[in-house]
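> Give me a model of this one.
(chains A and B)
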2 protein chains.
Amino acid sequence: MKHAEVLMRLRAFMIVLIVFVSAGPVPAQGDPLASWNEGPVKKSLTDFVSRVTTVGGPEFVPLAERIAVFDNDGTLWAEQPIYFQLQFAFDRITALAPKHPEWKDTQPFKALIEEDKKAFLAGGEKALLEVMAVSHSGMTTEEFDATVKEWIATAKHPRFGRRYNEMVYQPMLELLAYLRANGFKPFIVSGGGVEFMRAWVEPVYGIPPEQVVGSVGKEKFELRDGRPVLVKLPAVDFVDDGQGKPVGIQKFIGRRPILAFGNSDGDHQMLQWTAAGSGARFMGLVHHTDAEREWAYDRASHIGKLDKALDEATAKEWSVVDMRRDWTRVFPFDK
Amino acid sequence: MKHAEVLMRLRAFMIVLIVFVSAGPVPAQGDPLASWNEGPVKKSLTDFVSRVTTVGGPEFVPLAERIAVFDNDGTLWAEQPIYFQLQFAFDRITALAPKHPEWKDTQPFKALIEEDKKAFLAGGEKALLEVMAVSHSGMTTEEFDATVKEWIATAKHPRFGRRYNEMVYQPMLELLAYLRANGFKPFIVSGGGVEFMRAWVEPVYGIPPEQVVGSVGKEKFELRDGRPVLVKLPAVDFVDDGQGKPVGIQKFIGRRPILAFGNSDGDHQMLQWTAAGSGARFMGLVHHTDAEREWAYDRASHIGKLDKALDEATAKEWSVVDMRRDWTRVFPFDK
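Numbers count the residues shown, from 1 in each chain, chains lettered A, B, ... in the order given. Modelled structure (predicted):
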């Protein structure tokens, strides 16, 4: 038998084995959820995974249907004091200012350049949308991707002095790995911009671009000197938030998740949509209760407001992470 | 060592092996492309796959980047005498007619019920859009999915008397399996409706819902007696055709394919977008040249018009399948 044939048969054999073995639960080798304190949330997670992966069990779920969805802002990485993508937009305006002398006398750019928070907030939503449009359009998709990659590699968080891609939650990284090891396919389903996320999430979360669902801007195909490009237009195509999340899941994934994790009312309908499927389900919320290691906020917060979803989680006994109680570490850089 | 631990280690070992082995080219065990005649197209396919899968080779492509995109109508399944999804829409109108006595006197429904082709065509695009809207909206996504599944299981093609999901191309089924065996992730990128396709493609092509990109209708999230549903609205959200295909690839996949296969000018920009990436590329067109076993049509056809893309394929030496010459079998049911 030729070497190539041996490889071929070896692989066929392994694929059969891996499909068989992958269907079974993965025991902890050490503890795959080491940054989770023993408690109801950790137990509900490991119980759920073992139920849906137990071959022949009453709640077994085939590999192809093990779809898990995660919000990003406030669920996988932090979102205070402002959404990190908004900070990116502000930084873009500052970086572009030298090329736009007219901004010195034009709001909302003037306010941003002069770091006049009061004047900027006076511009309200209109100012915000203008900043997002200017910072997220008028370039090709490749140019935008390069810009985000450069920002994420250099910009630092004001409170922690860490790069933004270090401001991710260690327990959630462990959960993503644990689910993957148990044959789950994790997707991000976030209100954030899909191209902003795709520029950096793969090395950080191990989630490939095709498993990132987010808000989308309109784009236009063009041939420039015979070379095709996609140009980002200053127009919103789809907002993946609130009621938009089940719509986005249906549009981009086309299969109902069996596990969903969020942290705010923007994730409420995604959790309801997940809960409404048949068979075993897991619905989780990250409750920000740790002002020392991270932040403490919920019902009254402008960012990541958690109110109605928290009430339904309590009523329906969804899993609510008490960050202070349930996580031994918050960020990977925590000791 | 506990049984579970043995499994755990065995799997870890296999994953390492499979990643290593999967990276290498798969030799034919028998011929994985048995329905392809020896010739330039088959050779260009196998050469391409061996170049991008040769570990350490100058054109090696990592597993995660082996994205392949396929048009559906006329590329994976037939599209004559009319797009099969349009036939589905016509059949829906006939099925719904008893509940709509008013249609007896309303065009374009009257024409369809009376099978008056001339009267229907007189309605032009407006009539077509109305039929698509009525047959593809006003129900939940679950109801629509069930309707398509029932139709695909029962409706028969007028010329071949076969179910529509039998009207797929055997050589393309072999190509999909061959690419998967070589670590490629195949996506459908079609002008067809994404939910129409997702209802039946997985068992036929082995392509899961989350790897199907298509045209999308607007949908609305609703709670009905506390149960969440998605309602299909009579409004187009995204048309995944022509210049829309690179936009759809960017929006839904977020990574440029290294292989693209189409059959019409609706696939032209998808092929250009694929060709414009760096490294090894494969661009293919199915040219319908076989009036006996299938159909023969190109530049003058109303359905699947192939004109500009054929010119560029010739100029750029993309691979063009001559169905009559290159395929020993067209449909799985061919002897």
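> show me what contacts A:Val236?
Applying CB atoms under 8 Å, 6 or more residues apart in numbering or on different chains to A:Val236 gives the contacts A:215-218. Any C-beta I mention is one placed from the backbone N, CA and C, and that applies to glycine too.
> Could you identify the helix or strand that succeeds the host helix or strand of A:Pro186?
Secondary-structure assignment from DSSP states H and E places A:Pro186 in strand A:185-193. Using DSSP H and E, the next helix or strand after strand A:185-193 towards the C-terminus is helix A:194-198.
> If you count contacts, what does the following helix or strand past that next one end up packed against?
Reading on from helix A:194-198 to the C-terminus, the next helix or strand found by DSSP H and E is helix A:201-205. Counting contacts by 3 or more CB pairs under 8 Å, 6 or more residues apart in numbering or on different chains; DSSP states H and E, helix A:201-205 is packed against strand A:185-193.
> Next one: the residue nearest to A:Phe252 when sequence neighbours are not counted from B:Trp273, what distance?
In space, and not counting its chain neighbours, A:Phe252 is closest to A:Val213: 4.4 Å by CB to CB, 6 or more residues apart in numbering or on different chains. The gap separating A:Val213 from B:Trp273 is 21 Å, by CB to CB, to the nearest Å.
> Got the confidence number for the closest residue to chain B within the stretch 101-250 of chain A?
Closest residue of the stretch 101-250 of chain A to chain B, CB to the nearest CB: A:Pro209 (3.4 Å). We note a pLDDT of 98 for A:Pro209 in this prediction.
> Contacts only, for it.
A:198, A:202, B:253-255.
> Tabulate those residues in CSV, adding columns for pLDDT, neighbour count and distance to A:Asp105.
Putting the contacts of A:Pro209 into CSV (pLDDT from 0 to 100; neighbours: other CB atoms under 10 Å in any protein chain shown; distance: CB to CB, whole Å) gives the following:
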residue, pLDDT, neighbour count, distance to A:Asp105
A:Arg198, 98, 24, 36
A:Glu202, 98, 17, 41
B:Ile253, 98, 22, 43
B:Gly254, 98, 22, 38
B:Arg255, 97, 18, 42
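> Tell me which residue lies nearest the centroid of chain A.
Compute the mean C-alpha point of chain A, and by CA atoms, centre = their mean the closest residue is A:Asn72, 2.4 Å away.
> how many neighbours does the residue lying closest to that residue once chain neighbours are set aside have?
Among residues not flanking A:Asn72 along the chain, A:Ser190 sits closest, at 3.7 Å (CB to CB, 6+ apart). Using other CB atoms under 10 Å in any protein chain shown, A:Ser190 has 31 neighbouring residues.
> residues contacting A:Ser190?
A:70-73, A:197, A:212-215, A:240.
> ok, 6 Å please
A:71-72, A:214 (CB atoms under 6 Å, 6 or more residues apart in numbering or on different chains).
> Reformat the residues you listed as JSON lines; add distance to A:Pro228.
Output for the contacts of A:Ser190, formatted as JSON lines (distance: CB to CB, whole Å):
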{"residue": "A:Asp71", "distance to A:Pro228": "33"}
{"residue": "A:Asn72", "distance to A:Pro228": "30"}
{"residue": "A:Gly214", "distance to A:Pro228": "23"}
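> which residues of the stretch 1-150 of chain A fall in strands?
Secondary structure of the stretch 1-150 of chain A (DSSP state E, counting those that start in this stretch): strands at A:67-70.
> Which stretches in it count as helices?
Secondary structure of the stretch 1-150 of chain A by DSSP state H, counting those that start in this stretch: the helices cover A:3-22, A:40-53, A:84-96, A:109-113, A:117-122, A:124-136, A:141-154.
> what residue ranges in chain A score low on pLDDT?
Residues of chain A meeting the criterion pLDDT under 70: A:1-29.
> can I see the domain layout of it?
Chain A breaks down into these domains under automatic domain parsing: A:37-81+A:167-326, A:84-154.
> Need the winner for burial among those.
Most buried of these, by mean neighbour count (mean count of other CB atoms under 10 Å in any protein chain shown): domain A:37-81+A:167-326, with a mean of 20.
> mind checking the end-to-end distance for that one?
End-to-end distance for domain A:37-81+A:167-326: 5 Å, by CA to CA, to the nearest Å.
> Could you do stretch A:203-214 as well?
18 Å.
> now stretch A:33-40
First residue to last in stretch A:33-40 (CA to CA) measures 13 Å.
> What residue, apart from its backbone neighbours, is nearest A:Gly123 spatially?
Closest residue to A:Gly123 apart from its sequence neighbours, by CB to CB, 6+ apart: A:Pro108 at 4.3 Å.
> meant to ask about A:Asp145
Nearest residue to A:Asp145, sequence neighbours excluded (CB to CB, 6+ apart): A:Ala199, at 5.0 Å.
> does A:Ala300 sit in a helix, a strand or a coil?
Three-state call for A:Ala300 (DSSP: H, G, I helix; E, B strand; the rest coil): coil.
> where does it fall, phi/psi-wise?
Main-chain torsions, A:Ala300, degrees, to the nearest 10: phi -100, psi 0.
> Can stretch A:162-178 be said to contact chain B?
No - against chain B, stretch A:162-178 shows no contacts by CB under 6 Å from any CB of the partner chain, the least distance being 12.3 Å.
> Now find how far off-centre that stretch is within its chain.
The chain centre lies 10 Å from the centre of stretch A:162-178; the measure is CA atoms, centre = their mean, to the nearest Å.
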